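Q: all I have is the shape, not the residue letters:
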């Protein structure tokens, strides 16, 4: 789903005003390292309260500045936090239906034996002070040099709020020939978004579940437009499902499941495969017994590589799909490792051209 050079030329000046870094781990427990804002690993103890996100606590200041960030030094952290200008830009891009991603191939996608180390980044890795008030960016460190792939977060926490330095994170991966993937935090639609998009989509708007699915569908479309604008051409999008502090899910798990179902269809209608980032406990707490049967990225929180690999086992099944990645947090970074049996990265990441 490659944007043309012309479109890239048109949007680049506008993006430069609002994009400035890299972000992966979340600032609060709601992001997966953030894939629950970026996938930050989930709590190691499945008995933790469901209000706890899989993402590391964003209240922790990064121990070191971001490694070689490609952030735009001209980005202004004092810009109006009310409405992200990137959101306006994204909504103005072309429709997203019926276009399959044009995914580059390369030597990094060759079949492999044994676990492959990777990382994820998102808004927490952006230069400090950007983003919406509830999810100010942290300047957290970028991945270690040994990481062969990086999963890049599309949102600034909840849905419909773009990662303020997505373009810079994409450039970081491209410049280093690091394989790239994408993930996005799912969230319950705000009243204004439900009113605006509930009647516009492929689902029956005459009932509440259909309107929620349509609002979820738009979350996915919004993120697809963000990816196109940034040149992030990947085969699959991970849907991060966990509690999102300050943007809470409803108490009705069937309603929450309808939103996630709409998000899933939004990506597949645009030509992407999908996967789920979560833990069994967090997934059940948000959407109940919903089963999608798609690939799983499983969070292990502030534990270890060994624990992340253990999460690949059958005891940690989330929604009936195969285990692909395990995630843990180490030295203020979200670390990932491929699960046993994963011999090719091609279905999940791409070498950016």
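A: Cool, got the structure. Quick caveat, the model's predicted, so the values are computed rather than measured.
Q: hey, where'd the strands end up in this protein?
A: 117-121, 149-153, 179-185, 236-240, 273-278, 296-299, 323-330, 333-338 (DSSP state E).
Q: what's the shortest one packed up against?
A: Counting by 3 or more CB pairs under 8 Å, 6 or more residues apart in numbering; DSSP states H and E, the packing neighbours recorded for strand 296-299 are strand 273-278, strand 323-330. For every residue, glycine as well, the C-beta is placed using N, CA and C.
Q: tell me the mean pLDDT over it?
A: For strand 296-299, mean pLDDT rounds to 99.
Q: partners of it in the sheet?
A: strand 273-278 (parallel), strand 323-330 (parallel) (DSSP bridges).
Q: okay, the residue lying closest to residue 147 once chain neighbours are set aside: pLDDT?
A: Nearest residue to residue 147, sequence neighbours excluded (CB to CB, 6 or more residues apart in numbering): residue 119, at 4.3 Å. We have a pLDDT of 98 for residue 119.
Q: ok, now which ones touch residue 119?
A: Counting by CB atoms under 8 Å, 6 or more residues apart in numbering, residue 119 touches 24, 142, 143, 144, 147, 149, 150, 151, 333, 334, 335, 336.
Q: pLDDT added to those, as TSV?
A: Putting the contacts of residue 119 into TSV (pLDDT from 0 to 100) gives the following:
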residue	pLDDT
24	31
142	97
143	96
144	97
147	97
149	98
150	98
151	99
333	96
334	97
335	98
336	99
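Q: just the buried ones from those?
A: In terms of neighbour count (16 or more other CB atoms under 10 Å), the buried residues within the contacts of residue 119 are 24, 142, 143, 147, 149, 150, 151, 333, 334, 335, 336.
Q: between those residues, which sits nearest residue 215?
A: Here the nearest of these to residue 215, counting by CB to CB, is residue 151; it sits at 24.7 Å.
Q: helices or strands up against the longest helix anywhere in the chain?
A: Assignment by DSSP state H gives helix 208-230 as the longest helix of the chain. With contacts defined as 3+ CB pairs under 8 Å, 6+ apart, the packing partners of helix 208-230 are helix 5-18, helix 85-91, helix 166-175, strand 179-185, helix 191-197, strand 236-240, helix 253-269.
Q: and residue 171, how far from residue 232?
A: 10 Å (CB to CB, to the nearest Å).
Q: who has more neighbours, these two?
A: residue 232 (27 against 18; other CB atoms under 10 Å).
Q: where does the stretch 51-200 of the chain have low pLDDT?
A: 51-112 (pLDDT under 70).
Q: and which of the contacts of residue 119 is nearest residue 280?
A: residue 336 (18.3 Å).
Q: before we move on, the earlier item: got TSV for the contacts of residue 119, with distance to residue 344 too?
A: Shown next, in TSV, are these (distance: CB to CB, whole Å):
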residue	distance to residue 344
24	23
142	25
143	21
144	23
147	18
149	12
150	17
151	16
333	25
334	22
335	21
336	16
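Q: on that earlier part again, so for residue 176, which of the strands paired with strand 296-299 sits nearest?
A: With CB to CB, the closest approach to residue 176 among the strands paired with strand 296-299 belongs to strand 323-330: 19.7 Å.
Q: returning to what we had before: export the strands paired with strand 296-299 as JSON lines, with columns for distance to residue 129, mean neighbour count and mean pLDDT.
A: Below are the strands paired with strand 296-299 laid out as JSON lines (distance: least, CB to CB, whole Å; neighbours: other CB atoms under 10 Å; pLDDT from 0 to 100):
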{"stretch": "strand 273-278", "distance to residue 129": "27", "mean neighbour count": "26", "mean pLDDT": "99"}
{"stretch": "strand 323-330", "distance to residue 129": "23", "mean neighbour count": "25", "mean pLDDT": "98"}
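Q: redo the ones you listed as JSON lines? Include distance to residue 286.
A: Converted to JSON lines, these look like this (distance: least, CB to CB, whole Å):
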{"stretch": "strand 273-278", "distance to residue 286": "8"}
{"stretch": "strand 323-330", "distance to residue 286": "18"}
